[in-house]
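Peer 1: coordinates only, no sequence provided:
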Ligand SMILES: NC(=O)C1=CN([C@@H]2O[C@H](COP(=O)(O)OP(=O)(O)OC[C@H]3O[C@@H](n4cnc5c(N)ncnc54)[C@H](O)[C@@H]3O)[C@@H](O)[C@H]2O)[C@@H](O)CC1
Ligand SMILES: Nc1ncnc2c1ncn2[C@@H]1O[C@H](COP(=O)(O)OP(=O)(O)OP(=O)(O)O)[C@@H](O)[C@H]1O
């Protein structure tokens, strides 16, 4: 009956031309019974038309027309949203042009000793199309244009296999003599990025996160990532997975929005439709290594880059990066989260030599530089976070338990922290690279969840137990 009430309302309010007046409203009790004025001459005719129909037939006909009306309503709504997206994109394109002009002015006043020979292009902006918005459309008043420093990368990314420029080598020596940043100073910066909970916001403003992954073999990983994003504070969490993985993932939770498109013939177009609505993307949990899925993931990464969406690449997404580093190389809003195995694969693909496993920090920094100063989170006993210029180390106490899926908790929550950090004004994070702040937030949280879950479940701790701890771990770290 609710559907009937709603569709009757839609008939009368949205689509008066669909002739609610032609229904025998006395027989079917509806909340809105007044026929539209334009059909005032028709009731008698309609009585005749419906006089000989059985109630079932009438109901059938009514439902048919209600569905049609509902379709119309959604079509109109979609058009309205598309127009709104377009307007926002145009607005941000204008903002981008202004920022680019400022960037050029900024480059112009750099001293000759530090200025590169050629005018540096921001590595995340395709040089052929300056009109492409770097930032995604923003919502509400917490979103801010990216820091200018993002537009002026210190050096162009080294190509695959190239190690680093001389200045980078010198930089590594210098940074090692300085040691890693004092981590006590980073948690307050993470706190500054967390949006306050107020009654003024509408659904979606605190984060709409997309997870690309989920195939026949792996349904747990995308679920863990997506539900973690939601529990950390995203408003909406989407999973783009294969057709056969979708019902399974849906059945784990009604809270996730699941799109069974990753293996469809027009997968990229299907996913791209959603990009204007997403604040960040996590590519890889449970993606699998099938050629076609990797190809679709690659294409969606390319399209997300054009929109300036923060992209976290994990698990099988890193398999793709090891094969084709250029897919993310130099993109300043890209974050890689390898475990040691994935890190080794990536390092060897980039450097064409075996990894020297005696010095993880140095290797992580070398890999980040080779990837064009991408932020790298090397997970392990201590999580090493570096963008090649700065280094953080997170050794928040965890536990000895290493169950499958905790990396998914990390990448899903990082999707949210990245959105928050990139939407924060530069002074909130004291000019630090937003990716580093976000990564520190996510690794601290994951380890704290691990610790709390282990305290309760010891050797039986599983990722689901860790997810249960997100709420209290988050409060303890960031809200107390
Ligand atoms: N419940 C789920 O659905 C889960 C799915 N997962 C997904 O599983 C997929 C594969 O990820 P994995 O991390 O398992 O990847 P791998 O299959 O590369 O590694 C699995 C484990 O095998 C061992 N290993 C791999 N290569 C080795 C080698 N050459 N020598 C010795 N040991 C080696 C390592 O311990 C490694 O952690 C990803 O899509 C990932 O997201 C994981 O996230 C775990 C949970
Ligand atoms: N030895 C360790 N001690 C403490 N914490 C660790 C240790 N190794 C990993 N972690 C923590 O566990 C989290 C996930 O790392 P892990 O190495 O399990 O990822 P992964 O293998 O990619 O996970 P997944 O099973 O989801 O693919 C990291 O955030 C890290 O902080």
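Peer 2: Perfect, thanks for sending it. The shown structure was predicted, so the numbers you read here are calculated from the model rather than taken from an experiment. Residues are numbered from 1 along each chain as shown. Ligands and ions are numbered 1, 2, ... in the order given.

Peer 1: which positions in the stretch 351-480 of the chain make contact with ligand 2?
Peer 2: When proximity is defined by CB under 6 Å from any ligand atom, the stretch 351-480 of the chain lies next to ligand 2 at 379-381, 383, 398, 402, 404-408, 410, 443, 446-447. Every residue, glycine included, has its C-beta placed from N, CA and C.

Peer 1: so is stretch 351-368 next to ligand 1?
Peer 2: No: Stretch 351-368 lies out of reach of ligand 1 by CB under 6 Å from any ligand atom, never closer than 12.6 Å.

Peer 1: could I get the buried residue list for that stretch?
Peer 2: Within stretch 351-368, the residues that count as buried by 16 or more other CB atoms under 10 Å are 351, 355, 360, 361, 362, 363, 364, 365, 366, 367, 368.

Peer 1: looking only at pLDDT, what's the mean for it?
Peer 2: Per-region confidence: stretch 351-368 scores 93 on mean pLDDT.

Peer 1: could you do stretch 318-326 as well?
Peer 2: Per-residue pLDDT over stretch 318-326 has a mean of 98.

Peer 1: list the buried residues for that stretch?
Peer 2: Judged by neighbour count (16+ other CB under 10 Å), stretch 318-326 contains these buried residues: 318, 319, 320, 321, 322, 325.

Peer 1: could you do stretch 333-340 as well?
Peer 2: 333, 334, 335, 336, 337, 338, 339.

Peer 1: need the buried ones from the residues of the stretch 351-480 of the chain next to ligand 2 selected in PyMOL.
Peer 2: To isolate the buried members of those in PyMOL, using 16+ other CB under 10 Å:
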select buried, resi 379+383+398+405+406+407+408+410+443+446+447
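
Peer 1: tell me the residues of the stretch 251-400 of the chain that contact ligand 1?
Peer 2: By CB under 6 Å from any ligand atom, the residues of the stretch 251-400 of the chain that approach ligand 1 are 285, 286, 287, 315, 316, 341.

Peer 1: now for the nearest residue to the fourth one once chain neighbours are set aside: which residues touch it?
Peer 2: Meaning residue 315. For residue 315, ignoring the flanking residues on the chain, the nearest one in space by CB to CB, 6 or more residues apart in numbering is residue 284 at 4.1 Å. The contact partners of residue 284, by CB atoms under 8 Å, 6 or more residues apart in numbering, come to 212, 213, 297, 313, 314, 315, 316, 317, 318, 319, 320, 411.

Peer 1: so who does the one residue in the chain that gets nearest to ligand 1 touch?
Peer 2: Of all residues in the chain, residue 220 sits closest to ligand 1, at 2.5 Å by CB to the nearest ligand atom. Contacts of residue 220 were listed using CB under 8 Å, 6+ apart, and they are 286, 404, 405, 408, 463.

Peer 1: pLDDT value on it, please?
Peer 2: The model reports residue 220 with a pLDDT of 98.

Peer 1: you'd agree residue 312 is in a helix?
Peer 2: No: counting by DSSP: H, G, I helix; E, B strand; the rest coil, residue 312 falls outside a helix, being strand.

Peer 1: wait, what's in contact with the spatially closest residue to residue 253 that is not a sequence neighbour?
Peer 2: Leaving aside its sequence neighbours, residue 253 sits nearest to residue 227 (CB to CB, 6+ apart; 5.9 Å). Contacts for residue 227 were tallied using CB under 8 Å, 6+ apart; they are 237, 252, 253, 255, 256, 412, 467.

Peer 1: tell me the confidence at the residue nearest to residue 424 when sequence neighbours are not counted?
Peer 2: Distances taken as CB to CB, 6+ apart put residue 193 closest to residue 424, at 4.5 Å, once the chain neighbours are dropped. What the model reports as pLDDT for residue 193 is 98.

Peer 1: for residue 193, give me its contacts.
Peer 2: Residue 193 is in contact with 417, 420, 421, 423, 424, 428, 429, 434, 437, 438, 441, counting by CB under 8 Å, 6+ apart.

Peer 1: out of these, which is nearest to ligand 2?
Peer 2: Set against ligand 2, the nearest of these by CB to the nearest ligand atom is residue 441 (11.4 Å).

Peer 1: next one, pLDDT for that closest one please.
Peer 2: The model reports residue 441 with a pLDDT of 98.

Peer 1: tell me which element residue 393 is part of?
Peer 2: Assessed by DSSP states H and E, residue 393 sits inside strand 391-394.

Peer 1: can you name every helix or strand that that strand contacts?
Peer 2: Under the contact criterion of 3 or more CB pairs under 8 Å, 6 or more residues apart in numbering; DSSP states H and E, strand 391-394 touches helix 360-370, strand 383-386, helix 434-457.

Peer 1: of those, which approaches residue 246 most closely?
Peer 2: Taking CB to CB, helix 434-457 is the member of the helices and strands packed on strand 391-394 nearest to residue 246, at 26.2 Å.

Peer 1: got the buried residues for that closest one?
Peer 2: Of the residues in helix 434-457, those buried (16+ other CB under 10 Å) are 434-454, 457.
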